[in-house]
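K.L.:
What follows is a predicted protein model with its sequence.
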Amino acid sequence: MRQTMQDLFQYVKRYPRRFYRGITFLVISSITTTFAPRVVGAAIDSLSSGTMTMQRVWFYIFGVLAIIGTAGWAMVMVRRTILNASWEIEFDLRHDLFQHFSNLSGTYYDNHRIGDLMTRLTADLNSVRMMVGVGIFMGVNTLLMILFTLAQMATLSIGLTLLTLLIIPVITLTFFYLLRIIHRRYERVQEQLSSVSAMAQENFSGIRVVKGFAIEDREMRTFRALNDEFIRRNLSLTRVDGPLFPLMEVLFGSAISLLLLVGGRYVIGAGGDLTIGGFVAFVLLFEGIQWPVIAMGWIGNVVQRGITSWGRLKEIFDEKPDIADSDMTNYNLTDIHGEIEFRHVSLYIDGMTLLDDVSFRIDAGTNLGIAGRTGAGKTLIVNLLTRLVEPSSGQILIDGRDIRSYPLEVLRRHIGLVPQEPFLFSDTIAENIAYGIPERGDKDAMLEHARDIAKLVQLDGDVIDFPAGYDTSLGERGVTLSGGQRQRTAMARAIIRDPSILILDDALSAVDTQTEANILEGLREVAQDRTTLVVAHRVSAFQHSQHIIVLEHGRIIEEGSHANLIARDGWYADMNRRQQLEEALEAA
């Protein structure tokens with residue numbers, strides 16, 4: 001708990017005035033609330049002694065109304081300060097958490113289920129807000145109410161106050177014991193909720209696969225088993241959480257019975273000197289702290305849930321990105337021209353050699369082709385250049401500088417990447433193309449620019465056939481489009497950024513040969529002033545490349561121009577003959 005409070009204090013201290021004012025209003029509310037029983041007791045004593053007058057009746061009535069009104073107004077102000085601040089803190093936490101998610105490396109998401117992360121971003125974050133808002137509000141209110149009430153009780157009867165002090169610890173220890181059990185069971189509930197959310201998210205995202213294999217019944221059985229376990233864990237929690245408040249009521253009822261026994265003797269003069277009004281005031285004061293003490297159980301429940309949820313969120317905050325800016329980062333570097341050099345770069349993962357002593361150099365504005373079989377290491381070169389992974393040995397330079405000297409934001413801003421499996425958002429085609437533009441500016445100008453780029457990648461002809469044109473809304477992950485249309489949309493999104501380095505990572509695999517030729521012809525104009533890396537399986541994709549490297553088992557086995565590699569009659573030439581034969585057979 002101490003560590004949780006220290007962590008969250010960094011957010012609480014951003015709103016000091018709201019919390020100071022809120023606690024001040026809590027003090028006002030607590031003090032005024034404890035005076036109401038004293039006024040009622042004084043009125044009863046006045047009646048029993050025969051000194052009550054109509055003037056006094058109105059005085060006591062207006063006194064009680066003034067006390068209740070002041071306490072109510074103060075409580076409203078508390079909600080407008082502390083509870084409002086808790087929403088602000090939730091906003092700050094969500095913002096920081098989302099920013100941290102954005103900074104984490106791709107490998108983190110490879111090893112964590114998205115449904116689990118979404119649960120932490122929603123349910124766990126809400127539990128933390130309840131703790132820093134309602135938890136602080138009710139906790140401070142309970143503490144003040146108990147302190148001020150005990151002070152008022154002591155002025156009425158020391159004996160009954162001491163008896164009260166013996167009763168409250170029993171209630172407190174009981175509820176703390178139950179809270180320890182609640183904490184463990186709530187943690188298991190949240191873990192199971194993450195599993196349920198993760199499976200639901202995966203099934204919704206992959207619904208076509210589920211339906212395609214006709215395994216809906218199997219998935220339903222699996223989900224039902226997860227859901228049944230979630231219900232079982234919730235019922236286990238409820239068996240401890242549910243009796244908490246009724247148990248407190250029973251303990252308080254027993255305590256009042258004991259007070260009636262002892263206090264009644266004091267009133268009749270057997271062992272003490274207490275008036276009827278004083279005894280009534282004491283009982284009303286004790287009943288006044290009944291809810292605060294009972295609320296301790298609820299507060300403890302909120303706090304325990306908040307601590308558990310913060311622990312789950314803290315696990316995310318404690319994760320560090322595998323790749324980040326370092327001491328060698330030069331933040332004065334803001335531009336990239338596009339000269340690329342790999343010097344004896346090797347990459348080892350889990351004892352496997354993925355790249356072995358790869359070296360090549362290309363000038364800015366050059367078109368580099370990267371060929372090779374599946375798994376040869378082509379995409380790894382792309383990942384190294386975009387710093388999605390770091391080399392195990394060797395050095396990568398851009399414009400003669402070590403790639404690590406560039407801030408990550410600058411490096412990636414100057415690279416336009418079209419991945420093998422493009423991801424499109426559930427938005428319009430125009431918005432997906434314009435996604436990479438830092439400053440949108442005029443919407444009409446943006447749309448016109450998007451259309452120009454779409455023509456360049458042979459997408460415009462398809463889009464104008466859609467009923468809504470560029471305003472066509474895409475489904476989840478762009479399923480409305482075909483594979484080739486998705487690739488061309490992603491290509492347009494990369495080109496519209498006007499990057500210094502353009503990378504096409506097998507981005508033409510889903511288009512036919514003629515469309516590929518048209519796209520490559522259109523890219524010649526775009527690629528004139530920028531470095532272009534084309535990763536492909538089809539040799540025809542390298543017809544405009546000034547330099548080509550061929551990878552095999554992570555090593556460069558051939559490199560040179562298209563004509564040189566054909567003349568060498570090696571792997572590249574053999575692949576060229578095979579693909580030409582396939583095209584001839586298809587044409588026939």
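P.N.:
All right, it came through fine.

K.L.:
buried residues in the helix or strand containing residue 7?
P.N.:
Here residue 7 sits within helix 2-12, counting by DSSP states H and E. Counting neighbours by 16 or more other C-beta atoms under 10 Å, one finds that the buried residues in helix 2-12 are 4, 8, 11-12. For every residue, glycine as well, the C-beta is placed using N, CA and C.

K.L.:
From the chain's centroid, how far away is that helix?
P.N.:
Distance of helix 2-12 from its chain centroid, counting by C-alpha atoms, centre = their mean, to the nearest Å, is 19 Å.

K.L.:
picking that back up, going by distance to residue 362, which of the buried residues of helix 2-12 wins?
P.N.:
Using C-beta to C-beta, the shortest approach to residue 362 within the buried residues of helix 2-12 belongs to residue 11, at 48.4 Å.

K.L.:
Residue 95 versus the closest one, what's the distance?
P.N.:
Spatial separation of residue 11 from residue 95 under the definition C-beta to C-beta, to the nearest Å is 11 Å.

K.L.:
next one: residue 48
P.N.:
Spatial separation of residue 48 from residue 95 under the definition C-beta to C-beta is 62 Å.

K.L.:
What of residue 580?
P.N.:
Using C-beta to C-beta, one gets 55 Å for the distance from residue 580 to residue 95.

K.L.:
Ok, residue 479 next?
P.N.:
The span separating residue 479 from residue 95 equals 30 Å under the rule C-beta to C-beta.

K.L.:
Quick check: chain neighbours aside, which residue is closest to the most centrally placed residue in the chain?
P.N.:
When C-alpha atoms, centre = their mean is applied to the chain, the residue found nearest the centroid is residue 121 (3.9 Å). Distance criterion C-beta to C-beta, 6 or more residues apart in numbering; nearest residue to residue 121, sequence neighbours excluded, is residue 97 at 6.3 Å.

K.L.:
and that neighbour, how many neighbours?
P.N.:
Counted by other C-beta atoms under 10 Å, the residues lying close to residue 97 total 18.

K.L.:
cool, and residue 130?
P.N.:
By the other C-beta under 10 Å criterion, the neighbourhood of residue 130 contains 19 residues.

K.L.:
so who does residue 558 touch?
P.N.:
For residue 558, the contact set (C-beta atoms under 8 Å, 6 or more residues apart in numbering) comprises 548-550, 565, 568, 570-572.

K.L.:
Helix, strand, or coil at it?
P.N.:
Taken by DSSP: H, G, I helix; E, B strand; the rest coil, the conformation at residue 558 corresponds to strand.

K.L.:
Make JSON lines from the contacts of residue 558 and add neighbour count to it.
P.N.:
Formatted as JSON lines, the contacts of residue 558 follow (neighbours: other C-beta atoms under 10 Å):
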{"residue": "548", "neighbour count": "21"}
{"residue": "549", "neighbour count": "24"}
{"residue": "550", "neighbour count": "23"}
{"residue": "565", "neighbour count": "24"}
{"residue": "568", "neighbour count": "13"}
{"residue": "570", "neighbour count": "14"}
{"residue": "571", "neighbour count": "17"}
{"residue": "572", "neighbour count": "24"}
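
K.L.:
Make JSON lines out of those and add distance to residue 495, secondary structure and pLDDT.
P.N.:
As requested, the contacts of residue 558 are exported to JSON lines (distance: C-beta to C-beta, whole Å; DSSP: H, G, I helix; E, B strand; the rest coil; pLDDT from 0 to 100):
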{"residue": "548", "distance to residue 495": "22", "secondary structure": "strand", "pLDDT": "91"}
{"residue": "549", "distance to residue 495": "23", "secondary structure": "strand", "pLDDT": "91"}
{"residue": "550", "distance to residue 495": "26", "secondary structure": "strand", "pLDDT": "91"}
{"residue": "565", "distance to residue 495": "27", "secondary structure": "helix", "pLDDT": "88"}
{"residue": "568", "distance to residue 495": "33", "secondary structure": "helix", "pLDDT": "87"}
{"residue": "570", "distance to residue 495": "33", "secondary structure": "coil", "pLDDT": "87"}
{"residue": "571", "distance to residue 495": "31", "secondary structure": "helix", "pLDDT": "88"}
{"residue": "572", "distance to residue 495": "27", "secondary structure": "helix", "pLDDT": "86"}
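
K.L.:
Appreciated, that's everything.
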